[in-house]
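Student: build me a model from this:
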Amino acid sequence: NRYALAVFWYQTTDLQIVQQSMTGKAVLQPFDEPFDPLELTEEDIRWKASAGWMSENGICTWHGVKCHPHDVYGEEYNGDFYVMLLNLTKSNVHGILPREVFTGLNKLKALDLSANELEGTIGKELGGLDELQDLFLYDNDFSGYLPPEIGKCVNMFNLYINDNKFTGNLPPEIGNMAQLRGASLFNNTFSGPIPTTVGNLKKAIALYLDENKFNGGIPTQIGEMESLIDLRLRDNDLTGTIPTELGNLNNIETIYLDTNEKITGTIPVELSNLVKMTELHLYDMDLNGPLPAELGYLQGLVYLYLDGNELTGSIPDDWGEFHSLEQFFLTGNNLSGSLPITLRGLQSLEMFRAAGNDLTGTIPSDLGKLTKLEYI
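Tutor: Residues are numbered from 1 along each chain as shown. Now for the predicted structure:
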């Protein structure tokens, strides 16, 4: 364990090693300056906190290191033992994450290196951490494929690797991680189909695959994720239709499918089964057909975004039952008919947008009695 931590220290604090290992960042904004690793200084790469590191003190006293319980109780153990937790979040750590972190710290239960300046790939050695429960690598510059060996981390609860540069297919072995509660992979460049094995994640409460380049259809097996509360697939290249099986997600509260411009078909009536849902984001897609009256059963809905589609027909009278609805967007569809007088039942409504349709008639005067309404 001491050797693995020493390799990690030198890999991320030796200026020459860091300069040689980092690739630099692309210019993302017009007024940004290119980043040249060779211009880094010792001050630039100094950890924000590093008390104890590389001293003669036991590694269990080093900053960010917590060891497994030792047989010395009642006092801080000043020695070396198996590392249970390595937490260096927001510590200004630069460079490449060495493989020794995975091979040498094989009793790790939690690894948190989030919000740093780490680069490089994650190797197959990750699969050796079979006791790992929490992996937080988000907000770095990791790249390359996610190794299929991640499926060996069968005790993992939280996988948060969002805001990186991971590429390639999401390995189907992720379905082996049956204990997973949270899977956050958004804002990468993953591609290919979403593996059907995600349906095996029966205990997952959050699945964030948004802002990637996934293609193909939404797997019907997602409907088998019985504990799911928050589903986010927005801003990908997904195709096909919205699976009716999503209506089986009895615990779901939030669904983001928006900004998948190739998803077509109708809004499934089965979504009306999701009585716990508070947010439904289906904007900027290619949905067509009528608005299902049955969605009026979702009286806990707070945000409903259906703008930027090809939806037709009239606004159902039953949608006046959205008593909790605060934001209601229908802009840019092909809706017709008049605004139903039942909209006066939207007592919590703050914003209502329906421009860019073929609506006719007058605006019901009772909408003026909606005291929270700020924009129409």
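
Student: which regions of the chain lie under the pLDDT threshold?
Tutor: Residue ranges of the chain with pLDDT under 70: 23-35, 71-77.

Student: in it, which spans are helices?
Tutor: Ranges of helices in the chain, per DSSP state H, are 2-13, 15-21, 100-104.

Student: list the buried residues for the shortest one?
Tutor: Same thing as helix 100-104. Glu100, Val101, Phe102, Gly104 (16 or more other C-beta atoms under 10 Å). Glycine gets a C-beta too; all of them are placed from N, C-alpha and C.

Student: try stretch 196-207
Tutor: Thr197, Val198, Gly199, Asn200, Leu201, Ala204, Ile205, Ala206, Leu207.

Student: check stretch 41-50 too.
Tutor: Ile45, Trp47, Ser50.

Student: pretty sure the last one sits against Val65.
Tutor: Right, Ser50. No. Applying C-beta atoms under 8 Å as the test, Ser50 and Val65 come out as separate, 10.8 Å apart.

Student: contact partners of stretch 182-192?
Tutor: Outside stretch 182-192, the residues that touch it by C-beta atoms under 8 Å, 6 or more residues apart in numbering are 138, 146, 157-170, 174, 201, 204-216, 232.

Student: quick one, strands of the stretch 51-200 of the chain?
Tutor: 65-67, 83-87, 94-96, 110-112, 117-120, 134-136, 141-144, 158-160, 165-169, 182-184, 189-193 (DSSP state E, counting those that start in this stretch).

Student: in a markdown table: the helices of the chain, plus distance to Asn78.
Tutor: Conversion of these to a markdown table gives the following (distance: least, C-beta to C-beta, whole Å):
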| stretch | distance to Asn78 |
| --- | --- |
| helix 2-13 | 13 |
| helix 15-21 | 29 |
| helix 100-104 | 21 |
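
Student: reformat the strands of the stretch 51-200 of the chain as CSV; add mean neighbour count.
Tutor: Converted to CSV, the strands of the stretch 51-200 of the chain look like this (neighbours: other C-beta atoms under 10 Å):
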stretch, mean neighbour count
strand 65-67, 18
strand 83-87, 20
strand 94-96, 23
strand 110-112, 21
strand 117-120, 22
strand 134-136, 20
strand 141-144, 17
strand 158-160, 21
strand 165-169, 16
strand 182-184, 20
strand 189-193, 16
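
Student: got TSV for these, with distance to Ile315 too?
Tutor: As requested, these are arranged in TSV below (distance: least, C-beta to C-beta, whole Å):
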stretch	distance to Ile315
strand 65-67	56
strand 83-87	51
strand 94-96	54
strand 110-112	47
strand 117-120	50
strand 134-136	44
strand 141-144	46
strand 158-160	40
strand 165-169	41
strand 182-184	35
strand 189-193	35
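
Student: out of those strands, nearest to Leu280?
Tutor: strand 182-184 (20.6 Å; C-beta to C-beta).

Student: sheet-wise, list the partners of the closest one with their directions.
Tutor: Strand 182-184 sits in its sheet next to strand 158-160 (parallel), strand 206-208 (parallel), going by DSSP bridges.

Student: make TSV out of these and add distance to Lys152.
Tutor: Listed next are the strands paired with strand 182-184 as TSV, based on distance: least, C-beta to C-beta, whole Å:
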stretch	distance to Lys152
strand 158-160	13
strand 206-208	20
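
Student: out of those, flag the one nearest Gly289.
Tutor: Of these, nearest to Gly289 by C-beta to C-beta is strand 206-208, at 26.5 Å.

Student: what residues does that closest one touch?
Tutor: 162, 181-186, 198, 201, 222, 225, 228-232.

Student: go again using 6 Å as the cut-off
Tutor: If you take C-beta atoms under 6 Å, 6 or more residues apart in numbering as the criterion, strand 206-208 is touched by Gly182, Ala183, Ser184, Phe186, Asp230, Leu231, Arg232.

Student: closest to Gly289 among these?
Tutor: The closest of the contacts of strand 206-208, once distances to Gly289 are taken by C-beta to C-beta, is Leu231, at 21.8 Å.
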